[in-house]
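Colleague: coords please:
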Amino acid sequence: MSTAIDSPAAATPVVADTKLRARRGETLTGWAFAAPFAVLFVLFLVVPAVYGLYLSFTGETLTGANSGLVGLANYTEALTDPDMWRSLGNTLWFTFLSTVPLVVLSLAFALLVNLGLPGRWLWRLSFFLPYLLASTVVVLFWTWMYNPKIGLINGVLAELGIAPVAWLQDPKVAMFSVVITTLWWTIGFNFLLYLAALQNIPEQQFEAAAIDGAGKWRQLFSIVIPQLAPTTALILTLQVLASLKVFDQIYMLTNGGPAGSTRSIVQYIYESGFTGYRFGFSSAISYLFFAIIVLVSLAQYRILNRRSGR
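Modeller: Sure thing, here's the model as predicted:
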């Protein structure tokens, strides 16, 4: 004779309770593993962000004078500050000058390597190796390259009978010099993403296109570029955000000069807070810049999604 506990109806609550305990144990284990990161995330990102927002509504300075609440005064001053707008314009100009070639050239290099050139490992290493260098090493290398008297670039120009160029001293040329340095330094990352995406395109698509009489150019525009659309969207997003936050190479190459022609908005925030000691004002500029980045990201997201038909 079966007891009540042996019946399926009585066993079901026991099984359900066991599964519930197992899930709770897994959840607690997951939180235990995530706790160190969560603590550091809150301490070094959330708390400074909230405190920075608070500072933007105060007149906080290094001396402690006028540290009380000033409302929107810092934001009003920032929006009417010509130096802030000029720095923002420099940043947008750099973003445009660097993003376009960093996408186009990295795609071109990936296509060339993917064709099966001899020594492909050497090409991959050559394109990607500069990306592994520290910004200080890159800047030191290009500072010597741009030297107006003994630099390699002006030496080549002299051999060609061209007058030397003040690459980092001429306001009309300095930003282009920074862009060239950035291209050489960072193009390897985009190149690697494109190369990986190219190698994931099924070979059967090219074979079918060849049977239908499609040439290489037709295959490029009908197969390769559409297949690379998600990768291109990712690269564009990452590149625009990285360019908007440019600081290292500009600060070390030109220090924002000559005559402020290359000073980025991030450098202006740094100078306002740590050179001018106006922490409240620099915090206000940083949050205005944060709002611009959010708007640019949302606009870019909508444009890319609309093109992909989502």
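Colleague: What's the separation between L53 and I180?
Modeller: The spacing between L53 and I180, counted by Cβ to Cβ, to the nearest Å, is 37 Å. Every residue, glycine included, has its C-beta placed from N, CA and C.
Colleague: Who has more neighbours out of the two?
Modeller: In this view L53 and I180 are compared by other Cβ atoms under 10 Å, and I180 has more residues nearby, 18 against 14.
Colleague: contacting residues for that one?
Modeller: Residues counted as contacts of I180 (Cβ atoms under 8 Å, 6 or more residues apart in numbering) are W142.
Colleague: What is the distance between whichever strand or helix holds it and the centre of its chain?
Modeller: For I180, the element it lies in under DSSP states H and E is helix 174-199. Using Cα atoms, centre = their mean, to the nearest Å, the distance from the centre of helix 174-199 to the centre of the chain it belongs to is 12 Å.
Colleague: Need phi/psi at T61.
Modeller: As for T61, its main-chain torsions (degrees, to the nearest 10) stand at phi -130, psi 170.
Colleague: Retrieve the pLDDT associated with the closest residue to it other than its chain neighbours.
Modeller: Leaving out its chain neighbours, the residue that sits closest to T61 by Cβ to Cβ, 6 or more residues apart in numbering is Y277, at 5.2 Å. The score at Y277 is 86. That number is its pLDDT.
Colleague: okay, and for this protein, where does confidence drop off?
Modeller: Counting by pLDDT under 70, the ranges of the chain that qualify are 1-17, 19, 65, 117, 307-310.
Colleague: residue contacts, the residue sitting nearest the centre point of the chain?
Modeller: The residue at the geometric middle of the chain, judged as the C-alpha nearest the mean C-alpha position with Cα atoms, centre = their mean, is A242 (2.4 Å). Applying Cβ under 8 Å, 6+ apart, one finds that A242 lies in contact with T186.
Colleague: cool, Q204 as well?
Modeller: For Q204, no contacting residues are found, by Cβ under 8 Å, 6+ apart.
Colleague: That one in helix, strand or coil?
Modeller: helix (DSSP: H, G, I helix; E, B strand; the rest coil).
Colleague: From I211, how far out is it?
Modeller: For Q204, the distance to I211 - Cβ to Cβ - is 10 Å.
Colleague: ok, now S135?
Modeller: 49 Å.
Colleague: These two: which has the busier surroundings?
Modeller: Remark: of S135 and I211, S135 carries more neighbours, 15 against 8, as counted by other Cβ under 10 Å.
Colleague: Look up the closest residue to the more buried one, ignoring the ones flanking it.
Modeller: Nearest non-adjacent residue to S135 (Cβ to Cβ, 6+ apart): D248, at 4.1 Å.
Colleague: Next one: the one you found relative to G161, how far apart?
Modeller: If you go by Cβ to Cβ, the gap between D248 and G161 works out to 35 Å.
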